[in-house]
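J.: Prediction below, plus the sequence it came from.
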Amino acid sequence: MSERSLRSAFTNLHESFVSVWTLMSDTTIFLSNHTKIFDQYEPMLRRLRHRLEENRSDEEVHRQVRGELVALRRSLRREGYNLRLGSIDLKLEGFRNDDSLSEGFSRCVVAILEDHRVFYVTGTANHIDLDSQLEAQASFRRVRESHTQLSRHYLWYRWTNRVLILSGAATESKENFEDLHDYVEDHKGSLLKGLAKLG
């Protein structure tokens with residue numbers, strides 16, 4: 001069995017044990033937070049939720065609704081959506097300075113390439129030194145030889161209740177941060193996927 005098939009089988013097994021209410025919630029949150037197609041599926045999700053609410057103790061209805069949700073999620077995966085992002089989200093919040101360290105924020109430098117791959121470094125060094133560390137990464141240099149860099153950003157970050165908050169640092173220009181806003185409008189999912197492991 002290929003790695004992709006194994007991963008798909010594990011996902012299907014996981015979804016068969018998750019509460020149908022959890023599956024409904026995760027699917028709704030994913031579509032509303034990470035895609036622009038929520039309106040397309042909102043009537044279906046509303047109908048399924050109504051069926052669950054009207055039949056809270058009917059296991060057969062739960063099984064049918066689960067089947068529809070699993071089929072929807074399978075279809076979304078085939079279209080390239082990464083549902084593993086689940087209910088995590090990304091939010092941009094203005095600019096911060098070194099005082100944000102006391103608020104639990106950390107520094108990072110993020111590079112976004114034309115194929116939407118994301119490279120980043122984090123650390124306690126200032127943003128200029130972190131930028132030098134990013135440039136020194138062999139994997140980043142190798143990939144960048146064949147892909148144009150769309151943008152680079154000097155940011156503060158913090159996770160709050162499964163929401164990744166990003167703020168501009170002093171090194172980040174206002175125009176650059178506005179470009180990041182524009183990028184997030186169309187590519188939030190790919191950026192969040194690239195930054196999901198920020199610790």
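T.: Noted; the coordinates are in hand.

J.: and residue 170, how many neighbours does it have?
T.: Neighbours of residue 170 under the rule other CB atoms under 10 Å: 13. C-beta coordinates here come from the backbone N, C-alpha and C atoms, glycine included.

J.: Mind listing residues that contact the lengthiest helix in the chain?
T.: What stands out as the longest helix in the chain, according to DSSP state H, is helix 174-195. Applying CB atoms under 8 Å, 6 or more residues apart in numbering, the contact partners of helix 174-195 are 33-35, 81-82, 85, 88-90, 92, 95, 110, 112, 116-120, 150-153, 157, 164, 166, 168.

J.: Show me which residues of it are buried.
T.: 177, 180, 183-184, 187-195 (16 or more other CB atoms under 10 Å).

J.: of all these, which two lie farthest apart?
T.: Maximum pairwise distance in the buried residues of helix 174-195, criterion CB to CB, is 20.7 Å, between 177 and 193.

J.: For the longest helix of the chain, what is the distance to the chain centroid?
T.: From the chain centre to the centre of helix 174-195 is a distance of 11 Å (CA atoms, centre = their mean, to the nearest Å).

J.: For the closest residue to residue 104 other than its chain neighbours, give me phi and psi.
T.: The shortest distance from residue 104 to any non-neighbouring residue, by CB to CB, 6 or more residues apart in numbering, is to residue 158 (5.1 Å). Backbone torsions for residue 158, taken as degrees, to the nearest 10, come to phi -160, psi 140.

J.: Please tell me how far residue 158 sits from residue 53.
T.: The spacing between residue 158 and residue 53, counted by CB to CB, to the nearest Å, is 36 Å.

J.: what do you get for residue 188?
T.: To residue 53, residue 188 is 30 Å away according to CB to CB.

J.: any residues touching stretch 21-37, and which ones?
T.: Contacts for stretch 21-37 (CB under 8 Å, 6+ apart): 15, 18, 38, 41, 45, 48-49, 52, 65-66, 69-70, 72-73, 76, 81, 83, 85-87, 89, 188-189, 192.

J.: Now do the strands in this structure.
T.: 89-95, 106-113, 118-123, 149-160, 163-168 (DSSP state E).

J.: Most tightly packed of those strands?
T.: strand 106-113 (a mean of 21; mean count of other CB atoms under 10 Å).

J.: No further queries at this time; thank you.
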